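Quick one: sequence plus predicted model below, questions after.
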Amino acid sequence: MATVVLLGTLDTKGVEYAYLRDHIESQGTCDVIMVDAGILGEPTTRADIGRQEVAGAAGTTIDQLVMDHDRGAAVAAMAHGAREVVSRLFAEGRLQAILGLGGSGGSSLVSEAMRGLPVGVPKLLVSTVASGDTRPYIGAVDIAMMYSVVDIAGINRLSARILGNAAAGIAGMALAYSQPLTVASDKPLIGASMFGVTTPAVTRAREWLEESGFEVLVFHATGTGGQSMEALVDGGFLAGVLDITTTELADNLVGGVFSAGPDRLEMAGRKGVPQVVSLGALDMVNFGAKETVPTQFLERNLYVHNPTVTLMRTTPEECAELGRQIAQKLNAATGPVALFVPRKGISAIAMEGGPFHDPVADSALIDTLLTNLNDLVEVHDLDLEINDPQFAEAMAQKMAELVQRHGQ
């Protein structure tokens with residue numbers, strides 16, 4: 001049978017976890033492994049993997065955590081230990097799905113462990129914070145969060161239904177995960193980054209690659225999109241990265257809402273995965289509705305993309321810094337890298353006549369980048385705009401070439 005891991009604090013939520021275990025086991029399709037990550041008091045239900053083992057996986061003990069009188073540090077340590085434990089269970093084939101529940105503290109602990117599992121492994125978190133900003137919990141992986149509606153404090157007619165639904169859902173997911181995937185493919189898998197202003201380029205490149213025997217996953221460059229793509233690189237899923245749209249770097253530099261963090265554009269290089277990189281949408285920083293644009297930027301070149309997204313043109317100084325950062329990241333790559341430069345425009349609105357057409361800023365980006373690149377980065381400097389089909393096909397062809405050469 002498939003196995004569901006229940007991870008949580010059995011001192012404060014033991015009754016609820018016992019209810020989940022009983023519901024899952026009653027369906028007759030899944031075994032349950034209960035992991036206790038509590039620290040406050042004695043567990044109120046039995047655990048298959050106790051808190052001492054979880055603490056030990058974090059290099060500490062429960063006694064030490066209690067003596068330190070630092071709840072935040074204790075939760076962080078138990079989250080680290082839980083991540084180690086569930087990762088080991090998965091590696092041993094003893095985890096086909098994971099379920100947890102909690103408030104903000106419990107959700108933080110459980111989600112930390114869930115984020116250590118590969119994308120595709122079923123992960124369900126029943127939480128009191130699931131109706132708010134869930135990005136700190138989900139990160140760049142496929143955690144499903146279910147709002148608990150009421151606090152997780154005992155079993156009542158409402159919580160019984162919600163937790164029962166969660167138990168049934170995770171059991172079904174575990175059983176499905178344990179079966180062979182009917183759409184499995186042995187085609188090389190390529191990750192591609194896209195934005196609205198680079199859609200034609202990515203679409204044509206994807207079509208070309210699919211016609212040539214590849215499978216392509218497209219990620220929207222909204223911060224979490226870039227993080228998700230790089231998480232799949234880290235997990236060994238991708239044979240190549242077609243990073244056409246590197247705009248998240250601009251948001252990270254200037255303070256936009258779509259930052260993927262300072263490590264964006266580094267994982268493929270670190271893992272030696274072939275990558276074809278371009279400068280898509282580095283002409284812009286993203287904000288929400290126009291009234292949300294920070295006051296220090298109100299005199300800048302702003303473009304209302306839609307009622308909920310306002311774009312701001314990057315300056316020559318910002319573009320020069322982006323060029324330096326990209327060069328540093330590509331120079332550090334341990335695998336093959338090709339850079340494609342679209343001289344006639346790096347987005348749909350940056351070409352001549354567009355609202356973000358700025359030859360001085362584009363030159364600052366491109367010249368600084370090319371000046372700082374080492375000789376190991378293959379450069380294709382083309383007199384085309386990024387969405388020209390010829391430019392897209394050239395990138396796709398190079399992606400196929402690098403992947404095929406790398407696999408030999």
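Here it is on my side, so go on.

Just give me the neighbour total for residue 334.
Burial of residue 334 is recorded as 12 neighbouring residues (other CB atoms under 10 Å). C-beta coordinates here come from the backbone N, C-alpha and C atoms, glycine included.

so who does it touch?
269, 270, 271, 272 (CB atoms under 8 Å, 6 or more residues apart in numbering).

what residues are up against the last one?
Taking CB under 8 Å, 6+ apart as the criterion, residue 272 is in contact with 333, 334, 335.

Now do the same contact list for residue 147.
Going by CB under 8 Å, 6+ apart, the list of residues near residue 147 reads 127, 128, 130, 131.

go again using 6 Å as the cut-off
130, 131 (CB atoms under 6 Å, 6 or more residues apart in numbering).

Let me know the distance separating it from residue 7.
Per CB to CB, to the nearest Å, residue 147 is found 19 Å from residue 7.

picking that back up, just the ones of the contacts of residue 272 in helices?
If you go by DSSP state H, the contacts of residue 272 have nothing in helices.

Enumerate the positions of stretch 302-314 that are buried.
By neighbour count on 16 or more other CB atoms under 10 Å, the buried set for stretch 302-314 is 302, 303, 309, 310, 311, 312, 313, 314.

and the nearest residue to residue 389 once chain neighbours are set aside, helix, strand or coil?
Computed as CB to CB, 6 or more residues apart in numbering, the closest residue to residue 389 that is not its neighbour in sequence is residue 204, at 5.0 Å. Under DSSP: H, G, I helix; E, B strand; the rest coil, the three-state class of residue 204 is helix.

Can you report how many residues neighbour residue 316?
16.

Confirm for me that it is in contact with residue 364.
Yes - between residue 316 and residue 364 there is a contact under CB atoms under 6 Å: 4.0 Å.

Please compute how far stretch 197-205 lies from its chain's middle.
21 Å (CA atoms, centre = their mean, to the nearest Å).

so what's residue 231 up against?
Residue 231 neighbours (CB under 6 Å, 6+ apart): residue 140.

So what sits opposite residue 145 in the bridge?
Beta-bridge pairing of residue 145 under DSSP bridges involves residue 125.

Now do the same contact list for it.
Counting by CB under 6 Å, 6+ apart, residue 145 makes contact with 125, 127, 130, 134.

that older thread, surely the residue nearest to residue 389 and residue 391 touch.
No - Residue 204 is beyond contact range of residue 391, at 8.8 Å (criterion: CB under 6 Å).

count of neighbours near the closest residue to residue 44 other than its chain neighbours?
Nearest non-adjacent residue to residue 44, counting by CB to CB, 6+ apart: residue 14, 3.1 Å away. When neighbours are counted by other CB under 10 Å, residue 14 registers 21.

centre of the chain versus stretch 81-94, how much separation?
Mean-position distance between stretch 81-94 and its chain equals 20 Å (CA atoms, centre = their mean).

Just the buried residues of that stretch, please?
Using 16+ other CB under 10 Å as the test for burial, stretch 81-94 gives 81, 82, 83, 84, 85, 86, 87, 89, 90.

The fourth one and residue 8: what is the separation?
For residue 84, the distance to residue 8 equals 16 Å [CB to CB].
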